[in-house]
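Student: Could you work out the structure for the sequence below:
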Amino acid sequence: MPPLSSAPARATLDVGTRPLRIEEVLALAEGRALPRLAAGVRERMQRSYALVQDRLAQGDRIYGVTTGYGDSVRTDVPAEGSAELSLHLIRFHGCGTGRILEPLESAAVIAVRLCSLVAGYSGIEPAVAQRLCALLEHRILPAIPAEGSVGASGDLTPLSYLAAVLVGEREVLASAGLRPAAEALAEHGLAPLSLGPKGALALMNGTSVATALGVVAFARAERLARLASRITAVVSRAIGGNPEHFEEVVHQAKGHPGQVTVAQWIRDELRELGPAQPARLQDRYSVRCAPHVIGVLVDALEWSRRIIETELNGVSDNPLVDVEGGRIVHGGNFYGGHIGFVMDALKTAVANVADLLDRQLMLLCRPEESAGLPANLVGAPGDVRTYHGFKAMSISASALTAEALKLTMPASVFSRSTESHNQDKVPMATIASRDALRVCQLSEQVSAIVTLAACQAIELRGQAGQAGQAGETQPSAAPSGGEPRGSLHARVREVVPPLHEDRRMDHDIASVLRLLSSNALTPGVP
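Tutor: Just a heads-up that it's a prediction; the model follows:
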């Protein structure tokens, strides 16, 4: 009888035959899929590697192989010193600072760098691509500091931490913190690699960190768009909103695809909630115009996908090896301008959604705006004068929203001339990607707070309807009814109880964030 295994079987994903999509990179990064070099990849990479060796033997001058790096290109290096030069490139770039990338982010970096190298333009030995596959398979993930890249000459400093792991230096992530890379490699029977003449440069001189973080930010932004649409439907119902605002004819008349899609999502949610009588003809913009705000994000995701996927599958190092032409070509594909621009745009669209949700929370907390719900959504029975409900939660949401909005300043406009004026125009792409991730995090926290408030509000509205049937005085025009099982409300109530008496709510926020990160609140999102 075969041994039982608690780990689910992982799919195999061939790398090197076609461009990978964002979802496939995420599957590799999350460990749901294992990479496998497609047929022909090794031969393609070997031809590229052999051409570098041949040009080196012919005495050609090759940047980063027989010359110093950057402004030091004027320094000639003998061919026999190229391996030592490559190792020095890794070591002197070990100056990263800031937080260490999360396991998902570090694994995404490996996956994106692999996508670039298998194209066969980088002059690097096939063993490197095979080793990157092994790192993903065994979850040997480099400990990569987030800071220190200007996004051109690629992500030299953070990618040096990936290259260092391949040669058995620095650290990898572990459950108890960090552990030596050489120790982790040996545990899986992997010897440190000896990189060829262009090995370190091919690994480090690319946009893979900015792009990998962009992939993660994309997924989080996509999830947020779906959740914000669900929240809007619940908020609309809780305040006695007019469902006419989301009718198809309204949004088809404007025509933006994202706006049309979001309106459909909201209509679907409202349909699940059942019929209700609106309390007013027109709602505040944060409800009435929600498809227009969230729709911008949905449309931004559509066009940013094309750019992100082009970048992650593209060859982003220098120089490139033109095997067919039999030559080494020097250029600047390491420039991360496209990713920097996309991340600057995406974080703005995400922050606007956070701002929208923060305004919706204000509607819920004010009886004047909510068709008579209790102030601050206090749900305590009896004398409520000592209770404050969601008052502090609204303050926290405002603070989180303000921070997200502050971070929308474009990073890509802050070019700095650096490295002896060799890198005299740079895109700050990795900073833009880090900003986008932080804006996503802040916006998710806002969404968690407003999710809790919306669930509280829909319950209070349902209680109001039931009490009204018993003859008690209730808010005017307040629709009755609760949400069906399987709804946003029902899913949240599986992990967070209603707020009756005041209590700490940081654990409630964390519980909702866990649901969000597992896609439990966003059906239909990969």
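
Student: Excluding sequence neighbours, find me the nearest residue to V512.
Tutor: Computed as CB to CB, 6 or more residues apart in numbering, the closest residue to V512 that is not its neighbour in sequence is A448, at 4.0 Å. Backbone N, C-alpha and C define where each C-beta goes, glycine included.

Student: quick check, L203 in a strand?
Tutor: No: L203 is assigned helix when assessed by DSSP: H, G, I helix; E, B strand; the rest coil, not a strand.

Student: ok, and the closest non-adjacent residue to it?
Tutor: Nearest to L203 is A163, by CB to CB, 6+ apart, at 4.3 Å.

Student: can you pull the contacts of the one you found?
Tutor: L89, I90, L195, G199, A200, L203, M204 (CB atoms under 8 Å, 6 or more residues apart in numbering).

Student: Also N352?
Tutor: With CB under 8 Å, 6+ apart, N352 has these contacts: V293, V296, L297.

Student: which residues of the stretch 101-250 of the chain score low on pLDDT?
Tutor: Nowhere does the stretch 101-250 of the chain drop to pLDDT under 70.

Student: which residue ranges form the helices in it?
Tutor: In the stretch 101-250 of the chain, helices defined by DSSP state H, counting those that start in this stretch lie at 103-117, 126-138, 156-166, 181-187, 199-204, 208-238, 248-254, listed in chain order.

Student: just the stretch 351-500 of the chain next, same as before
Tutor: Counting by DSSP H, counting those that start in this stretch, the helices of the stretch 351-500 of the chain are 391-406, 429-469, 488-493.

Student: what helices or strands is the first one leaning on?
Tutor: Meaning helix 391-406. With contacts defined as 3 or more CB pairs under 8 Å, 6 or more residues apart in numbering; DSSP states H and E, the packing partners of helix 391-406 are helix 337-365, helix 429-469.

Student: show me what contacts the residue nearest the centre of the chain?
Tutor: In the chain, the centroid-proximal residue (CA atoms, centre = their mean) is A217; its distance is 1.8 Å. Residues counted as contacts of A217 (CB under 8 Å, 6+ apart) are M343, L346, K347, S433, A436, L437, C440.

Student: The last one: neighbour count?
Tutor: Pointing back at C440 there. 24 (other CB atoms under 10 Å).

Student: Same question for P243.
Tutor: Residues lying near P243 (other CB under 10 Å) number 18.

Student: Now do the same contact list for it.
Tutor: By CB under 8 Å, 6+ apart, P243 lies in contact with S236, R267, L270, A276, P278.

Student: quick one, which of the helices and strands packed on helix 391-406 is nearest to D506?
Tutor: D506 lies closest, by CB to CB, to one member of those: helix 429-469, at 10.4 Å.

Student: Can you pull out the low-pLDDT segments for the stretch 401-526 of the chain?
Tutor: For the stretch 401-526 of the chain, the stretches flagged by pLDDT under 70 are 463-486.

Student: Swap in 50 and give it another go.
Tutor: Applying pLDDT under 50 to the stretch 401-526 of the chain picks out residues 464-481, 485.

Student: For the nearest residue to A191 once chain neighbours are set aside, give its distance to E269.
Tutor: Leaving aside its sequence neighbours, A191 sits nearest to L185 (CB to CB, 6+ apart; 7.1 Å). The gap separating L185 from E269 is 49 Å, by CB to CB, to the nearest Å.

Student: what does E248 give?
Tutor: Distance from E248 to E269, by CB to CB: 15 Å.

Student: on that earlier part again, can you tell me which of the contacts of N352 are in helices?
Tutor: Among the contacts of N352, DSSP state H puts V293, V296, L297 in helices.

Student: OK, contacts around the residue nearest to the first one when sequence neighbours are not counted?
Tutor: Beyond its immediate neighbours in the sequence, the residue positioned closest to V293 (CB to CB, 6+ apart) is L356, lying 4.7 Å away. Residues near L356 by CB under 8 Å, 6+ apart: A228, S286, A290, V293, I294.

Student: count of neighbours near the fourth one?
Tutor: When neighbours are counted by other CB under 10 Å, V293 registers 21.

Student: hmm, back to that, what's the closest of the contacts of L356 to V492?
Tutor: For those, the nearest to V492 is A228 (14.9 Å; CB to CB).

Student: What about the closest one, how many residues nearby?
Tutor: 29.

Student: Ok, the one 4 residues further on next?
Tutor: Other residues near T232 come to 31 when the count uses other CB under 10 Å.

Student: Can you verify my assumption that it contacts Q360?
Tutor: Yes: counting by CB atoms under 8 Å, T232 touches Q360, with 6.9 Å between them.

Student: quick one, domains of this protein?
Tutor: Taking automatic domain parsing as the criterion, the chain consists of the domains 12-206, 214-517.

Student: Can you measure across the longest one, start residue to end residue?
Tutor: Its first and final residues considered, domain 214-517 spans 17 Å by CA to CA, to the nearest Å.

Student: For Y63, what are phi and psi?
Tutor: Dihedral pair for Y63: phi -60, psi 130, per degrees, to the nearest 10.
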